[in-house]
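[1] Please work out how this folds:
(2 chains)
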Amino acid sequence: MIKQRPFLVETLTAIGLILAPLILPHLGFAPNTVNRILIWGLFGIGFDILFGFTGLLSFGQSALYGTGGFVAAYLLTRAGFPHVVTALFIGMVAAAAVGYLVGLIALRRTGIYFAMITVAIAEVFYFVEFNPLAEWTGGENGLPGVPSPSFDLGFTQISFSSGWSLYGFLAFWFFIGIVIGLRIIRSPVGAVFRAIRDNPLRAAAVGHNIHSYKLTAFVIAAAYAGFAGGLLGVMQAFMPPDAFMFHTSAELIMMTAIGGTGTLFGPLVGAAVWLFLQDFLQAALGLGAAWKLVLGIIFVLLVCFLRRGIVGGIHDLYLWLTRRGESEPDAPEGVPLPLGADVTASDTPAMPPQPRATNGYDGPILQAAGLTKRYGGLVANSDIDFTVNHGEVRGIIGPNGAGKSTFFKMLTCEVPPTSGRIVFEGNDITGRNVTDVCQLGLTKSYQVNQLFSRLTVRENLIIAVLGELRGKFRLDMFRKIDNVPGLTEQVERTLAMVNLSARADTPVTALAYGEKRRLEIGLALASSPSLLLLDEPLAGMSPQERVETVKLLKSISRGRTMIVIDHDMDSLFELVERVTVLQEGRVLVEGTPEEIKGNPAVQEAYLGGVLE
Amino acid sequence: MINWPNFVSQLFNGLVLGALLALISSGLTIIYGTLGVLNLAHGAMFMLGGYAGYVAYTYTDSFILAVIAGSLFVMVAGVVMERVIIRHFYSRSDEDQLLVTFGIGIVMVEVVRFFFGSLSMNVPPPAALSGITSLGFMFYPTYRLALVGIIAVALLALFLVLYRTRIGMIVRAGIEDSVMVDSLGINVYRVFMVVFGIGAMAAGFAGIVNAPVVSLTPDMGDSILVQTFVVVVIGGVGSFPGAIIGGLIAGEIISITSMINPGYSYVMLFAAMTLVLVLRPHGLLGSQSRA
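    Prediction:
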């Protein structure tokens, strides 16, 4: 949606900002109102990156808005600092620094805990501003006398004092804010933000350090908040203490929800609606203080019925209108391939696992010794010894409840073993986390699909490939995602391997089950792991899909080490060279498929000992 | 030098506030624990209880009737809110649930402001409990002393409902694993409605019994909501005993810090919360299972 032509959105924004002073007065907007809308809009860009793109609903943005505002205002008034723009930037840096510290605390938890902690933080800052720091902040009087910006160009003096002249100054910063915001969300960092919003578990599992990225989003939002807070003081020539009030956070959230999240422009639109309605309801309809009640009801209705807000609603309407014009595609794209189509066409370039520095290690790729996992009294895995050599394709079978999935979770370090050691390519990975292990080249496809559900197939794979190409954390916020070397090729290769090239730009929600399953495998494959674990890749597939997927897995297995869990033994025995049988958390037996088929202990485990 | 009578009196104030927070937080925490919804309108419900009681009091002049009316009104409001809006949000994201309860809270506050204005209202304590009581070494308002007892009884009642009744057993089971309860053939949706009503009633009851101690304003719930959050983070989400312990800790921190410098009471409260988050991220009595 925000892709399309380069700089289209930026150009339209610039045109809109230039035309606004010509049009808006006729719609009844006072210059002061427009200026406020811009400040809220700028404040909201950062908040939308945090909430709309990263999925972190913070109720504490007022703390950062106030911090930036008061630092800038203090410098410009009490400290007598002369440069307005420099002061604004210092305020922004201060807010970002505070945001970093606050983020360290708030991001210790997710979901509702995060929301509650940010509420508490907002309240604390308000009290600190009012009492302990009243000497610096003016307490309930705020800081009056914030100067307006003026620039001495040598031959002439430009000053932005109030009304439409100040509009130029604010519009400039809003434009800069939007340009930077768009760069960020189009960068690899922005892609990871969306991945965290959609599925934090998988984002971590494909090798992204999600905690650092969340903190990044928090600091970005803090910087925007701080700068906007500074502009508020400049605009009003007074830094009001209520910038710190919880109501500021609340209004920002409501404006963003009204305008629409995940668009960057939502808060601007929301603020326009909000402030316009406030004036309209108060003055024109004479509702007095009841305007807030009306806006509150509108907010609740929007959350109930139009969750993506006004911008999202317009976008959906646009899609609906344009799609209606087109005829339905001839064949529903979701149907599986016709039988006999060679899924693993030989022109599909095999994707060799990325050579990683192994320090000349040439022992087994994976060695687990004495792995045990207890959940309270329940022993899921008990004293498992397990070795897989380079290039091997190993199968794991066992009756339900044998501890297969727990075993995989320990190997990928999703859960720590109670005791035992895991050595991967000579590195002891016991007690490491899933992100680090993925970075080392060991990853898993999940038994239950773990996809980024609001993204397209291609975007899903991009997230996984980025994990490998960029490492677990990197701040390339201003790089275009297409400029990551090797990204496009690797995504295309993966698409071809899992046979989803034709569906690359389809949203995940529109995929058929078998396609989702292939994408699940593709996500694990995309980071070109040297050891790939597949947890029931065939689960829930139709017989025909199984045949295709086994072919797919065979082609993947060329030059790769894989461990596969599945209940479909015919398919599994066709695929793997050796099989390990787990029963009641222990290794029952290990051998070639032929040996396993004939093994009486295995037959007994599955059939409960009827033979003899 | 420490002024001892003053100190003890602040300890008592802390106990009153702590008990109050414990009761409100219990409501919040059982709703979250059972339904998985963090009710951001909980502070507004506290306020609503006060106002509903105030209205009942002005018509009947009876404090007892005011308490009953305040609690029941908020319980009904909670049930209606659950029936009409909240149940459509069980399958939606945490963020949507937060947004909608947040919005409902604002609407409640603004409705009250619309009808009663922003000026503060007062509900006097019942005649038998007015005045001050001599504790030998100091004097203390009688109603505040009684309030500790009243809230203790309410908490005990909540405890008995949660731990000694069939519905309580279902609620506690639901906090552990609501999917399992559902599949055991219990209609969880009806349980959800009842829990929401009980949780709301706890807030409403707290609002009206606390009304003689404070003045009623439409946004009085905001700061209570924040304090409740701290209580729940300290005590652990979904834990009834955690809410009580957290409430008492928070109440005492606020009161004792206020004695030294009121400006730092929130800072200290926040410091305590941070400490708990660092040392025990799931709260003092929280379990790992409920995120």
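[2] Roughly how far does the residue of chain A found nearest chain B sit from residue B:227?
    Nearest to chain B in chain A, going by C-beta to the nearest C-beta, is residue A:131, at a distance of 2.4 Å. The C-beta positions use only the backbone N, C-alpha and C, and glycine is treated the same way. Distance of residue A:131 to residue B:227, computed by C-beta to C-beta, to the nearest Å: 17 Å.
[3] more crowded one of the two?
    Remark: of residue A:131 and residue B:227, residue B:227 carries more neighbours, 26 against 18, as counted by other C-beta atoms under 10 Å in any protein chain shown.
[4] Hmm, the more buried one is touching residue B:254, no?
    Yes. Residue B:227 lies in contact with residue B:254 (C-beta atoms under 8 Å); the separation is 7.3 Å.
[5] tell me, what's touching the two both at once?
    Taking C-beta atoms under 8 Å, 6 or more residues apart in numbering or on different chains as the contact rule, residue B:227 and residue B:254 both touch residue B:269.
[6] Starting from the helix or strand encompassing residue A:587, tell me which strands it pairs with and how they run.
    Following DSSP states H and E, one finds residue A:587 within strand A:586-591. Applying DSSP bridges, strand A:586-591 is found paired with strand A:578-583 (antiparallel).
[7] Just the C-alphas of the partner strand, formatted as CSV.
    Extracted in CSV, the C-alpha atoms of strand A:578-583 (Å, rounded to 0.1, in the frame of the first residue of the first chain):
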residue,chain,number,x,y,z
ARG,A,578,17.8,-43.3,9.7
VAL,A,579,15.0,-43.3,12.2
THR,A,580,15.0,-42.7,15.9
VAL,A,581,12.0,-44.1,17.8
LEU,A,582,10.9,-42.3,21.0
GLN,A,583,8.6,-43.8,23.5
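[8] pLDDT on that strand, on average?
    Mean pLDDT, strand A:578-583: 91.
[9] Okay, buried residues for it please.
    A:578-583 (16 or more other C-beta atoms under 10 Å in any protein chain shown).
[10] which residues touch that strand?
    A:384, A:386, A:392-399, A:402-404, A:407, A:572-573, A:587-593, A:596, A:599, A:602, A:605.
[11] pretty sure residue B:81 is in contact with residue B:41, am I right?
    Yes. Residue B:81 lies in contact with residue B:41 (C-beta under 8 Å); the separation is 7.3 Å.
[12] Between the two, which contacts overlap?
    Common neighbours of residue B:81 and residue B:41 (C-beta under 8 Å, 6+ apart) are residue B:104.
[13] Looking at those two, which is more packed in?
    Between residue B:81 and residue B:41, counting by other C-beta under 10 Å, residue B:41 is the more crowded of the two (27 against 21).
[14] tell me which element the closest residue to the more buried one other than its chain neighbours is part of?
    Leaving aside its chain neighbours, residue B:41 sits nearest to residue B:105 (3.5 Å; criterion: C-beta to C-beta, 6 or more residues apart in numbering or on different chains). In this structure, residue B:105 sits in helix B:94-116 according to DSSP H and E.
[15] And the contacts of the next helix or strand after that helix?
    Counting by DSSP H and E, the next helix or strand C-terminal to helix B:94-116 is strand B:132-134. Under the criterion C-beta under 8 Å, 6+ apart, residues B:139-142, B:145 lie in contact with strand B:132-134.
[16] which parts of strand B:132-134 are buried?
    Per 16+ other C-beta under 10 Å, strand B:132-134 contains no buried residues.
[17] what lines up beside that strand in the sheet?
    Short version: by DSSP bridges, strand B:132-134 pairs with strand B:139-141 (antiparallel).
[18] quick one: average confidence on the partner strand?
    On average, strand B:139-141 scores 83.
[19] Identify the residues contacting it?
    By C-beta under 8 Å, 6+ apart, strand B:139-141 touches B:9, B:12, B:131-133.
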